Structures are given as C-alpha cells and as structure tokens.
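In: Structure for the following, please:
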Amino acid sequence: MFRERVGFIVWVSDAKAAKNLDKYGVLHYVSKRMNYAVLYGDADQAQELERTLLRLPYVRKVERSYRNEILAEYLLQNSKKSRSQPAATETQTAERGTFS
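Out: Numbering: from 1, shown residues only. Next up is the predicted model:
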C-alpha cells in the first residue's frame, strides 16, 4: 500500500534554489541558515535519484538519512533495569552500621 521511502540530506549552495528540489521528491525541510534540505524519495529509485541530484549545479553534497536504520522501538524491561537501584547486600549494610 505505502511505498518504502528513503531520506536524503542535500547540501546546497543557495537556499532559494533548494526549493526546486520538490520536482525530485517530497521536500520536507529547507534550512536557509545552514544551506541544506531534507528530501524524501522512493527507495526503489534511490541511487538514480542521488545521481540526478548530484548533477544539479546548486547541489554540493548528498547524504542518505539513517532514520530508517535507527531502532525506534524500546523495550520497557531494559529501561526499568537501568533506572532501578541495586539492593544493598548484607555486607554493605553491616559496613554502614545498620545491620542487626
């Protein structure tokens, strides 16, 4: 039903020219200050799209986004282990002087 997408970070020399990138995919964000754009396209045509973008005169560099590769599901068991304090052993309690 939905096509697999791939994200690209496109570094440009001119932020105004970056608005023309919407012809090649879904233009998600354009940073005027840092001169980059976030573009999404079909995963089937990712290599072809990357080559096409690099041919444009205002594009300096194209990077693939790692967003699809990052694990976004977290287990509740792991978070409980890292937050809980370990129970004090008898020797630690005896050293504190509260052992009876």
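In: Mind jotting down where the helices sit in this structure?
Out: Assignment of helices within the chain using DSSP state H yields the ranges 46-55, 76-83, 90-96.
In: in this protein, which residue is closest to the centre?
Out: Computing the C-alpha centroid of the chain and ranking residues by CA atoms, centre = their mean puts residue 67 first, at 3.6 Å.
In: I'd assumed residue 8 was in contact with that residue.
Out: No. Using CB atoms under 8 Å, residue 67 is not in contact with residue 8; the gap is 10.7 Å. All C-beta spots, glycine's among them, are computed from the backbone N, C-alpha and C.
In: and the closest residue to residue 14 other than its chain neighbours, how many neighbours does it have?
Out: Once flanking residues are discounted, residue 14 sits nearest to residue 58: 5.1 Å by CB to CB, 6 or more residues apart in numbering. With neighbours defined by other CB atoms under 10 Å, the count for residue 58 comes to 16.
In: and residue 58, how far is that from residue 16?
Out: 9 Å (CB to CB, to the nearest Å).
In: Check the gap between residue 22 and residue 10 for me.
Out: As for residue 22, its distance to residue 10 is 12 Å (criterion: CB to CB).
In: How about residue 2?
Out: According to CB to CB, residue 2 stands 23 Å off from residue 10.
In: With residue 16 instead?
Out: 14 Å.
In: Which one of the two is surrounded by more residues?
Out: Higher neighbour count among residue 16 and residue 10: residue 10, with 25 against 10, using other CB under 10 Å.
In: and the more buried one, what does it touch?
Out: Residues in contact with residue 10 (CB atoms under 8 Å, 6 or more residues apart in numbering) are 18, 21, 36-39, 53, 59, 61-63.
In: Kindly state the beta-bridge partners for it.
Out: Beta bridges link residue 10 to residue 37, residue 62 when assigned by DSSP bridges.
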